[in-house]
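K.L.:
model the structure of this input:
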Amino acid sequence: MKKKLLCLLLCLLLIPIGMKNAGGDGKTRCLLIGCDRFVSMPGTEPASANNVDTMAALLTDFLPKGTTVQQQVNGPGTIGGFEELIADTFRDANTADTAVIYLSTHGILKEDESGRQWVELLLSDGTDEEGLGPERLRQILDGIPGEKVLILDACHSGAMIGCGEGANINWFENDACRVLVSSGADEESWFWSADKDAYTGTGYFTSAMNNALRASDLSQIDPNGSGNVSLEELTARLRGIHGASTVYCWPEKSRMPLFSLPKDRKPGNRLRGLYFDPIKADDDTAPVELKIHFNIEESTWLMYRTVPSNNGEWDFEHSVKRKDPEKKNLIRGLLEPDGKPRNRTFSIPRGNLGTDGIGLFQVVSLHGDERTPVVEAEIVISYEKPETEVQDSEATDKT
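P.N.:
Residues are numbered from 1 along each chain as shown. This is a model prediction of the structure:
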């Protein structure tokens, strides 16, 4: 665990939301659970609570009218308590209904002597704590009528579906649930945490889901123009704007509707339609060239951050920052909406990458009087032979 950025598990169990409800059948019920207080792991308060709030707003806006959303923060702390909460929330469910279960907590990678690997979701209320493994989770979910989708924003969450280096079992290959995970079995998931901020932030993956649905152009999130977003479409968009870990889904080609896009969908983020051009590096010594394109929807402070990778982990403590070059009244980094697309080109020296030769380039907006950072999008950049000296001192400017 990092001092300011901790591994976060966001477990979102989402039953195909846009499917039966879009035709007027069934009822959608949502249960959102966030754990911030732990016995055996570092606390994340209030990140999981913020995750729950973010997802509650997202589900309310992109699910059919009549959807109910129940939120629970810090608890249950036992598998029995989790099972009781599931049973109580979905006791009236039938095969025509939709259920959404969201869990934000830590994910712990486990492996037995035979090499069998799995991830446990840490249930905790700060006093009681218990790890929920994939077999028991699947048994509990099997008790809910209807079709199901499981979404995990978790350290090592790819181990649930056999994705990522070292993963060897797909615990949901019977297709009882559709599954979306934020990271491979060998990867961690992260959230932004700043000690002085009252708003600690949401998980990068949670923010990416929010941005994907609210701020993407229709061609980016609904390329076939159906008015719905499938698991396959959402995964593709997330891979385009979420780089801190690798997004996987199961089945890989699930085209069943997941979210519905309102006809009057209005941009809900400061940036809209953001995308990266393919990364270019002319030779082994030249800096990488990165181009970004986006539109501004409201007055925005914007900066960019390059995070090096050292010893297989993102080293956020040694990230390199730069403000956006645009100016207003000589104030650098402040962008105003004017209907014009923004295009940015960055030349990133290899010295800004870590010993692993990999960096995470983040587009970060700052909001509120405290200018709290929000990651709008991110992409992985890499070199085969990184240098060690950090270049581009301008990038270290603090906002």
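K.L.:
got the CA coordinates for the longest helix belonging to the chain in PDB?
P.N.:
Scanning the chain for the longest helix, with DSSP state H as the assignment, gives helix 47-62. The C-alpha trace of helix 47-62 is given here as PDB (Å, rounded to 0.1, in the frame of the first residue of the first chain):
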ATOM      1  CA  ALA A  47     -12.900   6.700  -0.800                       C
ATOM      2  CA  SER A  48     -15.300   3.800  -0.700                       C
ATOM      3  CA  ALA A  49     -18.100   6.000   0.500                       C
ATOM      4  CA  ASN A  50     -17.300   8.400  -2.400                       C
ATOM      5  CA  ASN A  51     -17.300   5.400  -4.800                       C
ATOM      6  CA  VAL A  52     -20.700   4.400  -3.600                       C
ATOM      7  CA  ASP A  53     -22.100   7.900  -4.100                       C
ATOM      8  CA  THR A  54     -20.600   8.200  -7.600                       C
ATOM      9  CA  MET A  55     -22.000   4.800  -8.600                       C
ATOM     10  CA  ALA A  56     -25.400   5.600  -7.100                       C
ATOM     11  CA  ALA A  57     -25.700   8.800  -9.200                       C
ATOM     12  CA  LEU A  58     -24.400   6.900 -12.300                       C
ATOM     13  CA  LEU A  59     -26.900   4.000 -11.900                       C
ATOM     14  CA  THR A  60     -29.800   6.500 -11.300                       C
ATOM     15  CA  ASP A  61     -29.000   8.400 -14.500                       C
ATOM     16  CA  PHE A  62     -28.300   5.400 -16.800                       C
END
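K.L.:
and that helix, what's buried?
P.N.:
47-56, 58-59, 61-62 (16 or more other Cβ atoms under 10 Å). (Each C-beta comes from the backbone N, C-alpha and C, glycine too.)
K.L.:
name every strand pairing with the following helix or strand past that helix and say which way it goes.
P.N.:
Next along the chain after helix 47-62, taking DSSP states H and E as the criterion, comes strand 68-73. Sheet partners assigned to strand 68-73 using DSSP bridges are listed as strand 28-34 (parallel).
K.L.:
quick one: the partner strand to chain centroid distance?
P.N.:
The chain centroid and the centroid of strand 28-34 are separated by 17 Å under Cα atoms, centre = their mean, to the nearest Å.
K.L.:
same question, stretch 271-289
P.N.:
22 Å.
K.L.:
coming back round to it: helices or strands up against the longest helix of the chain?
P.N.:
If you count contacts as 3 or more Cβ pairs under 8 Å, 6 or more residues apart in numbering; DSSP states H and E, helix 47-62 packs onto strand 9-14, strand 28-34, strand 68-73, strand 98-105, helix 204-215.
K.L.:
now that helix and strand 28-34, what's the angle there?
P.N.:
Relative orientation of helix 47-62 versus strand 28-34 (axes from the mean of the first three to the mean of the last three Cα atoms, to 10 degrees): 160 degrees.
K.L.:
run the angle between helix 47-62 and strand 98-105 for me.
P.N.:
160 degrees.
K.L.:
and the helices in this structure, which stretches?
P.N.:
For the chain, the helices defined by DSSP H occupy 47-62, 79-89, 134-142, 204-215, 218-221, 231-241.
K.L.:
need the ones you listed in CSV (columns: distance to residue 253).
P.N.:
Formatted as CSV, those follow (distance: least, Cβ to Cβ, whole Å):
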stretch, distance to residue 253
helix 47-62, 22
helix 79-89, 29
helix 134-142, 22
helix 204-215, 18
helix 218-221, 17
helix 231-241, 6
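K.L.:
closest one to residue 353 among these?
P.N.:
Closest to residue 353 of the helices of the chain, according to Cβ to Cβ: helix 204-215, at 19.0 Å.
K.L.:
pull the contacting residues for the residue nearest to the spatial centre of the chain.
P.N.:
Computing the C-alpha centroid of the chain and ranking residues by Cα atoms, centre = their mean puts residue 205 first, at 0.7 Å. Shown in contact with residue 205 (Cβ atoms under 8 Å, 6 or more residues apart in numbering): 10, 153, 182, 183, 189, 238, 242, 244, 245, 247.
K.L.:
alright, that wraps it up for me.
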